[in-house]
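Engineer: Give me a 3D structure for the following:
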Amino acid sequence: MPQRPTGARSSGFWHGLRRRGLFRLLVAILVVVVVAIVIVLVLLARSDDQDQDATDDTSDSGVVVTSPYDFSELPADVAPADAAQATYVSILLVEGQDELTSYGLKHTVPAAKALLDAVVKAREIDDPDLGSSTAATDAGEPESLSSSLTFRFEDMSTLTFDLHVEQGLIARDGRAWRVDGDLGALVQDAIAAVQS
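Structural biologist: Down below sits the predicted model:
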């Protein structure tokens, strides 16, 4: 009885198993790589979302970018005597048909110092006659522009008064003060100092 060549058959069988095993191994590796890529992409997307949320939180958390021109007005209860530490004086005058002219001086200029000293010594008065700026507003007409006197401090805070040169008064938040001396002359001296 002739013998069957079992070596060839068994060798083909093992070769087929190896091929199937190699194929399964390659498929398994491919699946693992795809899953790993998906996980990495999901983690990166979450990280980007968290970074964006952190950026949004930072921008909404009160972080303020300031410039050298950001000023803050002092509260209503601040009086003229508090202007003593001002480092800059600004005069805004309304002239003619609502034409504005602005003048600014350092507190070290003699005319600015004289104006500042006169304001610091101002005395509060009761029931001042400050003109009819509120009457125009009550009648439905736009409020006219008014002259002002502003003192700026080193911390970029400001103290602003309405300037009523004819009456010799400065006013703020319903209160008024009579400036020590001739307010008109003090303002004109300060303007002349700017223009010289």
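Engineer: Now the element after the worst-scoring helix or strand of the chain on mean pLDDT, going C-ward?
Structural biologist: One helix or strand of the chain scores below all others by mean pLDDT, DSSP states H and E: helix 133-138, with a mean of 40. Tracing the chain past helix 133-138, the next element assigned as helix or strand by DSSP states H and E is strand 148-152.
Engineer: could you give the mean pLDDT of that next one?
Structural biologist: Mean pLDDT, taken over the full extent of strand 148-152, equals 94.
Engineer: what about the helix or strand just after it, average pLDDT?
Structural biologist: If you walk from strand 148-152 toward the C-terminus, the next helix or strand you reach (DSSP H and E) is strand 157-164. On average, the pLDDT along strand 157-164 is 93.
Engineer: and strand 157-164, how far out from the chain's middle?
Structural biologist: Per Cα atoms, centre = their mean, to the nearest Å, the displacement of strand 157-164 from the mean C-alpha position of its chain is 22 Å.
Engineer: Give me the sheet partners of that strand and which way each runs.
Structural biologist: Strand 157-164 has the following strand partners under DSSP bridges: strand 72-73 (parallel), strand 148-152 (antiparallel), strand 169-172 (antiparallel).
Engineer: Pick the most buried one from those strands.
Structural biologist: Of the strands paired with strand 157-164, the one with the most neighbours on average (mean count of other Cβ atoms under 10 Å) is strand 148-152, at a mean of 23. Yep, even glycine has a C-beta here, placed from its N, CA and C like the rest.
Engineer: Which residues outside that strand are in contact with it?
Structural biologist: Residues outside strand 148-152 that contact it (Cβ atoms under 8 Å, 6 or more residues apart in numbering): 71, 83, 86-92, 115-116, 119, 158-163, 170.
Engineer: could you flag which of those are buried?
Structural biologist: 83, 86, 88-92, 115-116, 119, 158-163, 170 (16 or more other Cβ atoms under 10 Å).
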